[in-house]
Every structure is written in structure tokens, then in C-alpha cells.
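Q: Everything below, folded, please.
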Amino acid sequence: RLQKTLVGRQVIVPDAAPAGGITPAACVPRVKLVYLKTHKTGSSTLTNIFHRVALTYNASVVLPKSNLFLGWPSKARIDDSYVHVPGKAAYDIFCSAHARYDHDRIAQIVPGGEHVTVLRDPAKHFVSSWNYWGTANHIQQVSGMTVTMEQVIDDPDTWWPRAMRSDRDLLLNSQAFDLGIDHDAARSAVTATIAAMDEWTLVLITEYMDESLVLLKRKMCWSLDDVAYFALKVQSSGLTRKKRAIPAETVAKIRKMNWADAMLYDHFNASLWRQIALESDFAAEVAVLVAKKAAIADRCRQWADLSEDDHRLHLLGESGDLTPAERGCHLQQLDSGGFVKLLKVVHGVPPLECHRQGRPVKAFVFHPIAHNHADPIVTMMHRYTLANGLRPALPLRKASDTYVWPDAAKLPQSIANIPDELFHIKGAGTGRRDRGFDVLTSATYRYDRKVVGAVVAGAPHVSMVRDPVRRLLDLWESPEFGVHRQSDLDPTVTLDAILKDPDVALKKLSPLDRALVFNGQAYALGYDVTAEDASAKGAEDFAEQLVMRFSGINGLLLVADHMDESLVLLRRFMCWPMDSIGFPFVGDTDMELSETEQIRIRELSVYDQAIFDRVNASFWHRLEYELSLKPELGMLRGLRREKMDVCSAAWASGGTIEALDRLKTA
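A: Below you'll find the model as predicted:
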């Protein structure tokens, strides 16, 4: 239904503006295209145009696994960064995400494509990028020093070494970098690149986007409706506000620092206007395009505040049938990532999504919280660690399920010094130990992001929360807590008595045991909940901070009460194979409580309840925008049944390693 609705038809409803600049009838639209998407140049608007062209002319698109990058900032990673559409060896359009240009690699994917990119005035580009990427904050994080943009351009050799590598890639001759020119390239390399790009179909100029698009439309034999656009990332970023002119002295310093970008821009800006001078009736057609843009803005403004995933869900039919005009507006406002997800459905891409560029995570932190069903995930991560030759940080104490508790600062001292050779770790004996560990997952500890980051540097952090009622029931029935109840409490004490008067009933327990009973998840996540600050407002603030701390590409919070969905999201986040998560799982306790008892637990666990509510809401909001979730859940459950059958057969055969090996061989 979606393919029938979207593919092979004009997706922008024409308005009453005169056609203008009609191309000859013999002109055949060109749909083989390589678009090198540069950063902060209006490239998202162009990507939207090219995605819509792909739908209009039923062209195949190179779709990034991560939805965001095609190997960037590495040229070598282009080959493994895109999904392979069934039955496709080569594609029509390369446009969907940022990549560093590599002619030979891209030519293998889109042979014979028309080459296009866009450049922006180097001074405007630098100022915009400095503000957008928060470069001053990055330099402060790396060096502890406060700096202004003016100080950096006055003394770049001093400040760029104090920035993150990504800052240099995104601000220091970054347009040249995107076009494949290395940071240490000589002027001759830029001159050679310019000569090669002179053979491209067109280099558009951001400051003259409408003129550039009319020229591109003529060269590609497209219609004005194909290139009419709703400017993306403009309203939300404040680009519609009047901007102050950049002082001439600042412009000169930026152009000197970003000399390669200046060479590229000056050459292709002049080239654009030389080509326009050869066209006829050009200004009239630009005026028609401007009129079409105004009509689109007026027609589509009511949906401008929707996220790209909201637009995609409308187009997938989740919000009812759309009129052609509504469909056109949602397509016009769909940003790169959301459009890629839509095209994956259109092209019938296999369901296994990956949030990274096809590269499985090989260094990670999982923060297990006691009685949150963390054991199966820890076991899964141990298997992955062994299978991939990773170096795990294992607890020093024998037969211990904790590293050190509760002093988070002592975590590094609680890790065992185990030779790499015992784990058959790749690179053993080559100084790997100096770079720290790959994995922290084996036992419980109190979370401190800075301390954990010193153990496993640069790794994503994952944790999992649980409904506080189910967690308390699991804790109450656990053998270890049962021992403590027997030794420290009156053995006959009931859970009901604790709920009625916890201060009296639990006063004989150690402070650490008491911390586990109510708000134990907040305590494990690094927060000391006292009677004075156990307010709903304080709990909500902490929960919000926690979600922010675990957001983005470097953090993930799972929900134990929805284990299957959590495992699928974890697999996608880590970009792991499906068989890494398909394990038999033990369910919840059978113990039940009355509604009154449940309410009382939630009142006493105000921080844990706030954490669970906020994380659970964020979790389901995230899942709402995941493609092909139901098919992957079905695959997971089928794989789990297969593994349970294998394990059952192994135990029936005596449960020996030899018996299991025989089954695996069979």
C-alpha cells in the first residue's frame, strides 16, 4: 500500500504558479545521482529534495544502517555503512547521509552517477558551526579552559589541539574534509580536487540556493516541483532571525585558517555564475520557484512543529489516510533520518535495524542493579565478551556478585588483575592493558559515570530499571535477603508489617540492606535518598537527569518489565547479531499484592517510582519510532524457543559439555 501510494508519482501538489522554464519534450529525467552531503550548508534541504526525486522516479537509494551516516568520518567505512536492498547490486542515488568523498568506493555503489554537492561561505559556515556544535564547551571539557571563538581564530595552533577530534573535522576546513581532503593536505591537493570537481554536474552554493536549484533542475531534466522545497532546520535553529554581519577582520582570519574551504568556495561560486550567465529566461524561472516555495510554506506550515518521526508515522498511515496535499507536506518536512526510515519500508529492507554504522560495539558498560532481572543480560554480555576476545573487568573478590559496595570511588581497586592470555584476548601482550578494559558488566556496583568512564573509556553505558513493586517482591523472596531477614529481623516479620511501619520493622537491618528495600534503584544509580529529600519533586528531577545522562548514542536505559522489547532495543543500540540476545529467560515472581499494598510500596519508593515512570515513558517513546519492531520481536522469540529446545535436550542427555557439543554439531 505504501509503495503504491508513494512511489512513481509526483509527491508535491502543484500550485497555480506558472510553469516557467519548461524543458524540451525530448529531455529525459536523470536519476543516477551522487550527492556529497556537507555539514551545515543547507544539505538537509537538498537531501529531502533528492529523496523525493527518488520516490517520484522510483529510483533506488543507498540507505545507511545508522540512518545518519555513510561511514563519516572514515572513507573506508563507506563499504559497510549501508544496508543491502534485496536484489540490488548497485543503486541509483547516493544522498541520504554524511560521508567523506571517495570516488572509487562510491562509484562501485552508484556507477555513472551525476555528481553534486553544496558549499557555503567559509566565514558564515564557521560561525554557524561553532555555535551549532557547542565547540567552546568541548574545548572546556578537554582542557578545562574557557575560550571564545575570536580567541580560537586568533591563535588556532594553540586551541585546536585542545578541542575534540570531531570539532576539527566539523570546523577546520570541514567542507574540504567532507570532500575527501585531509587536514594536512597541501594546496596542490586542493587544486587537484577542484580540477576533478569541475567535471561534476554542479556544485551548488548555499547563499544562492534557489539559483543553484533552478540550474540543477535544468541539468537533470527535472521539474520545478521536483526542486521546490520547505526549508528544513531553519525555523527551529533561529536562522530566520536577522543576523549580524560578521566583521571584515573576522572574515579574513577565518578564511586564512580555513584556506582550503575558501579556495573551494571562491572557485565554485564563480563557476556557478558563469554557468547561469549562459542560460536563457533564468531569472523568470527562479521567480517561479520562489513563488512555489511560498505556496508550500503557506500550505505546510501547520505541520512544521512535528518531529521527523511524526511525519514518517503519518506517511506510514498510523494517523489515518492523507490527502495528496497533506502527503506532500509531510514529505517536504521529513528530515534525513526519518526519510531514510521511510525509504527502508518502501524498498523492503530486511528488518534487522542497527543504530550505528554497521559496526558492532566492542567496548561497553552494563550497570546491573540487584533484583532487576539483570543476570540474563550479564550472562549474554559475558558470552559476547568471550566470543569477541574482549577484556572484561572482573570483580577481585572470590565468588562475589559485587565489585565493591557501596563506595563507587573504589571500583577501580576492586577489579581482578587477570592475564589477558587466559581469555585469548586479541592483542594480548601488546600494551592493551594500558588502555584499560573493554567491558564492565560482571557484578553490581554503585554507578558513578566519571569512575566508570575511567575503567572503560569511551564506551556506551547501559542500565535497566524495573517496576518498584515487582522488584520489592523479588527482593523479599530472594535467598540472600531471606538470610538477612532470619539473622537481623524477627523471622516472623511480614511484608505487610514493613509496609505499615518501615522505620520500626527495618531498624535492625544494616543501612545497606535498608537502602535496598525502598528506593534501591536510585541508590544503585548513585543517589542517597534521605527522609528529608524524598519528595516527589526531587524524585522527578533526579529521574529527568538520569534519562538525560543515558540519552543519545552513548547511553541506553532498558525496562526489565518489557524484556523482549529491551533486548531488541539493546541489540540495535549495540549493532549486535540476533543470536547474541536469544537466551532462555526466567519470568517474574508469582507473589501478588493487594492494590493498597502496591500503592504503599510506590509511596515509600518515591525515587524508584519516579525513575521507573520517566524511563518507561522514554523507553516506549523511543520504541514508537523503531522500524520493523514486531518482526524482530517474532524472530527473537523464535530463536529463544530454539535455544530452549537445545538446552532441554542437553539436560535430558545428562547435561554434560560433551552432550551439548554433540547437539551443536548436529
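
Q: just checking, residue 118 is part of a strand?
A: Yes - Residue 118: assigned to a strand according to DSSP: H, G, I helix; E, B strand; the rest coil.

Q: and it, how many neighbours does it have?
A: Residues lying near residue 118 (other C-beta atoms under 10 Å) number 23. In short, each C-beta sits where N, CA and C put it, glycine included.

Q: surely it meets residue 40?
A: No - counting by C-beta atoms under 8 Å, residue 118 sits too far from residue 40 to count as a contact (10.5 Å).

Q: in the stretch 501-650 of the chain, which spans are strands?
A: 555-559 (DSSP state E, counting those that start in this stretch).

Q: Apologies, that question was intended for the stretch 301-450 of the chain.
A: Under the criterion DSSP E, counting those that start in this stretch, the stretch 301-450 of the chain carries strands at the ranges 364-367, 439-440.

Q: and the last one, how far out from the chain's middle?
A: Put plainly, it is strand 439-440. On the basis of C-alpha atoms, centre = their mean, to the nearest Å, strand 439-440 sits 21 Å off its chain's mean C-alpha point.

Q: what residue ranges in the stretch 301-450 of the chain score low on pLDDT?
A: Flagging of the stretch 301-450 of the chain using pLDDT under 70 yields the residue ranges 318-320, 351, 398-401, 423-435.

Q: typo on my end, it should be the chain
A: Low-confidence segments of the chain (pLDDT under 70): 1-26, 233-243, 318-320, 351, 398-401, 423-435, 484-492, 530-534, 584-591, 654-666.

Q: Tell me where the longest helix sits in it.
A: Ranked by residue count under DSSP state H, the longest helix found in the chain is helix 629-652.

Q: Tell me which other helices or strands that one touches.
A: In this structure, helix 629-652 packs against helix 563-574, helix 657-665, with contacts taken as 3 or more C-beta pairs under 8 Å, 6 or more residues apart in numbering; DSSP states H and E.

Q: Out of the strands of the stretch 301-450 of the chain, flag the one nearest residue 619.
A: Across the strands of the stretch 301-450 of the chain, residue 619 has its closest neighbour in strand 364-367 (15.9 Å, C-beta to C-beta).

Q: The closest one pairs with which strands, parallel or anti?
A: Strand 364-367 has its sheet partners listed here by DSSP bridges as strand 439-440 (parallel), strand 461-465 (parallel).

Q: can you list these in a markdown table and add mean neighbour count and distance to residue 354?
A: Putting the strands paired with strand 364-367 into a markdown table (neighbours: other C-beta atoms under 10 Å; distance: least, C-beta to C-beta, whole Å) gives the following:
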| stretch | mean neighbour count | distance to residue 354 |
| --- | --- | --- |
| strand 439-440 | 24 | 20 |
| strand 461-465 | 24 | 16 |
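
Q: would a markdown table of those strands with distance to residue 30 be doable?
A: Formatted as a markdown table, the strands paired with strand 364-367 follow (distance: least, C-beta to C-beta, whole Å):
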| stretch | distance to residue 30 |
| --- | --- |
| strand 439-440 | 50 |
| strand 461-465 | 46 |
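
Q: closest one to residue 34 among those?
A: strand 461-465 (37.1 Å).

Q: Check the offset of the closest one from the chain's centre.
A: Mean-position distance between strand 461-465 and its chain equals 16 Å (C-alpha atoms, centre = their mean).

Q: Just the CA trace of the helix or strand just after that strand, in PDB.
A: Moving toward the C-terminus from strand 461-465, the next helix or strand (DSSP states H and E) is helix 468-477. C-alpha atoms of helix 468-477 as PDB (Å, rounded to 0.1, in the frame of the first residue of the first chain):
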ATOM      1  CA  PRO A 468       9.400  -1.000  42.200                       C
ATOM      2  CA  VAL A 469       6.600  -3.200  43.300                       C
ATOM      3  CA  ARG A 470       7.800  -6.200  41.300                       C
ATOM      4  CA  ARG A 471      11.400  -5.500  42.400                       C
ATOM      5  CA  LEU A 472      10.500  -5.500  46.100                       C
ATOM      6  CA  LEU A 473       8.600  -8.800  45.700                       C
ATOM      7  CA  ASP A 474      11.600 -10.300  44.000                       C
ATOM      8  CA  LEU A 475      13.900  -8.900  46.800                       C
ATOM      9  CA  TRP A 476      11.700 -10.200  49.500                       C
ATOM     10  CA  GLU A 477      11.700 -13.800  48.100                       C
END
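
Q: Give me the angle between helix 468-477 and strand 461-465.
A: Between the axis of helix 468-477 and that of strand 461-465 there is an angle of 80 degrees, by axes from the mean of the first three to the mean of the last three C-alpha atoms, to 10 degrees.

Q: Quick one: residues in contact with helix 468-477.
A: Residues from elsewhere that reach helix 468-477 (C-beta atoms under 8 Å, 6 or more residues apart in numbering): 370-372, 481, 495, 516-518, 520-521, 560-561, 588-589, 591, 593, 598, 601-602, 605, 608-609, 612.

Q: Select only the buried ones of those residues in ChimeraX?
A: To isolate the buried members of the contacts of helix 468-477 in ChimeraX, using 16 or more other C-beta atoms under 10 Å:
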select :370,371,372,481,495,516,517,518,520,521,560,561,593,598,601,602,605,608,609,612
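
Q: Return the subset of the contacts of helix 468-477 lying in helices.
A: Mapping these onto helices (DSSP H) picks out 481, 495, 516, 517, 520, 521, 598, 601, 602, 608, 609, 612.

Q: OK, contacts around the first one?
A: Residue 481 makes contacts with 475, 513, 516, as judged by C-beta under 8 Å, 6+ apart.

Q: The same query, at a cut-off of 10 Å, please.
A: The contact partners of residue 481, taken as C-beta atoms under 10 Å, 6 or more residues apart in numbering, are 370, 371, 474, 475, 509, 513, 516, 517.

Q: go on, the second one?
A: Shown in contact with residue 495 (C-beta under 10 Å, 6+ apart): 472, 473, 476, 477, 505, 517, 591, 593, 597, 601.

Q: 8 Å instead?
A: Contacts of residue 495 (C-beta under 8 Å, 6+ apart): 472, 476, 593, 597.

Q: of these, closest to residue 162?
A: residue 472 (48.7 Å).

Q: count of neighbours near the closest one?
A: Number of residues near residue 472 (other C-beta under 10 Å) recorded here: 29.

Q: what does the one 5 residues further on give?
A: A count of neighbours around residue 477, defined by other C-beta under 10 Å, yields 14.

Q: Residue 440 pairs with what?
A: Applying DSSP bridges, one finds that residue 440 bridges with residue 365.

Q: isn't it right up against residue 457?
A: No - in this structure, residue 440 is not within contact of residue 457 by C-beta under 8 Å, at 10.8 Å.

Q: distance of residue 91 from residue 29?
A: To residue 29, residue 91 is 17 Å away according to C-beta to C-beta, to the nearest Å.

Q: re the thing from before, including distance to residue 391, could the ones in helices among the contacts of helix 468-477 go into JSON lines?
A: Shown next, in JSON lines, are the ones in helices among the contacts of helix 468-477 (distance: C-beta to C-beta, whole Å):
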{"residue": "481", "distance to residue 391": "33"}
{"residue": "495", "distance to residue 391": "42"}
{"residue": "516", "distance to residue 391": "30"}
{"residue": "517", "distance to residue 391": "36"}
{"residue": "520", "distance to residue 391": "30"}
{"residue": "521", "distance to residue 391": "29"}
{"residue": "598", "distance to residue 391": "43"}
{"residue": "601", "distance to residue 391": "40"}
{"residue": "602", "distance to residue 391": "41"}
{"residue": "608", "distance to residue 391": "33"}
{"residue": "609", "distance to residue 391": "38"}
{"residue": "612", "distance to residue 391": "33"}
